[in-house]
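> Everything below, folded, please.
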Amino acid sequence: MPLVRIDALTADSARLHALGRAVHDALGETMGFPPDDLFQVLTAHDGVRSTLRYDDYLGVERDDDVVFVGITLRAGRPPGQKRALYRRIAELAHAYTGTEPRNILVTLTENASIDWSFGHGLAQYHLDDREGGAAQGPVPDSGP
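Coordinates of the predicted model:
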C-alpha cells in the first residue's frame with residue numbers, strides 16, 4: 001500500500017513506466033515503503049479521445065507534459081514527510097523522464113486501515129481480520 005494513479009498526456013509506455021518508477025522510488029525513499037509494495041494504475045492520454053485539463057493555477061505554468069499523480073495511503077504522515085515526497089517525485093520524474101518539476105501535480109488521499117483489502121475479501125490491516133489467523137503473512141501495525 002499505497003495505491004498510485006498516474007495520468008500523463010502524450011506518454012508512451014516507456015515514459016509511463018519511468019514515471020511509475022519515479023513515484024515508487026520516491027515513496028520508498030521518503031516514506032519507507034518496501035520495494036514489493038507496488039500498486040499502480042498508469043494511464044496515457046492522447047489529448048483527443050482522452051485528455052487532462054489544467055491551467056496555470058497558483059502561477060505554475062504547465063504545458064502538455066503535465067502529469068497528475070494521485071496517491072491513496074493510510075493517514076498519519078507528518079507534513080514534512082509529505083513535502084519531501086512531493087519534492088522527490090518531481091526530482092525523480094525529471095531525472096527519469098525529463099518532465100519539468102512544474103508539470104508534476106501530486107495529491108494525497110488518506111484513509112484508515114479498515115479501508116484496504118489486498119485480496120481474499122479480508123481487511124488485512126484491520127484487527128478483526130487478523131484474529132483467528134484469517135490474514136495471510138505479516139501484517140504491520142503501523143508505518144507504511
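> Return the residues in contact with Ala123.
Ser113, Ile114, Asp115, Trp116, Ser117, Asp129 (Cβ atoms under 8 Å, 6 or more residues apart in numbering). Heads up, the C-betas are built off the backbone N, CA and C, glycines and all.
> what does the model give Ser142 for pLDDT?
Per-residue pLDDT puts Ser142 at 44.
> right, and Arg74 touches Thr109 too?
No - using Cβ atoms under 8 Å, Arg74 is not in contact with Thr109, being 10.5 Å away.
> Neighbour count for those two, which is higher?
Higher neighbour count among Arg74 and Thr109: Arg74, with 19 against 12, using other Cβ atoms under 10 Å.
> Could I get the phi/psi values of that one?
Arg74 adopts backbone torsions of phi -70, psi 150, taken as degrees, to the nearest 10.
> next one: Pro2
In terms of degrees, to the nearest 10, the main-chain angles of Pro2 are phi -100, psi 170.
> Could you pull out the strands in the chain for me?
Ranges of strands in the chain, per DSSP state E, are 3-9, 40-45, 67-74, 104-111.
> how about those strands, which one is nearest Gly20?
Each of these has some distance to Gly20 by Cβ to Cβ; the shortest is strand 40-45, at 5.0 Å.
> Now do that closest one and strand 3-9, the angle between them.
Strand 40-45 runs at 10 degrees relative to strand 3-9, counting by axes from the mean of the first three to the mean of the last three Cα atoms, to 10 degrees.
> Could you list the buried residues of strand 40-45?
With burial defined by 16 or more other Cβ atoms under 10 Å, the residues of strand 40-45 counted as buried are Gln40, Leu42, Ala44, His45.
> That'll do, ta.
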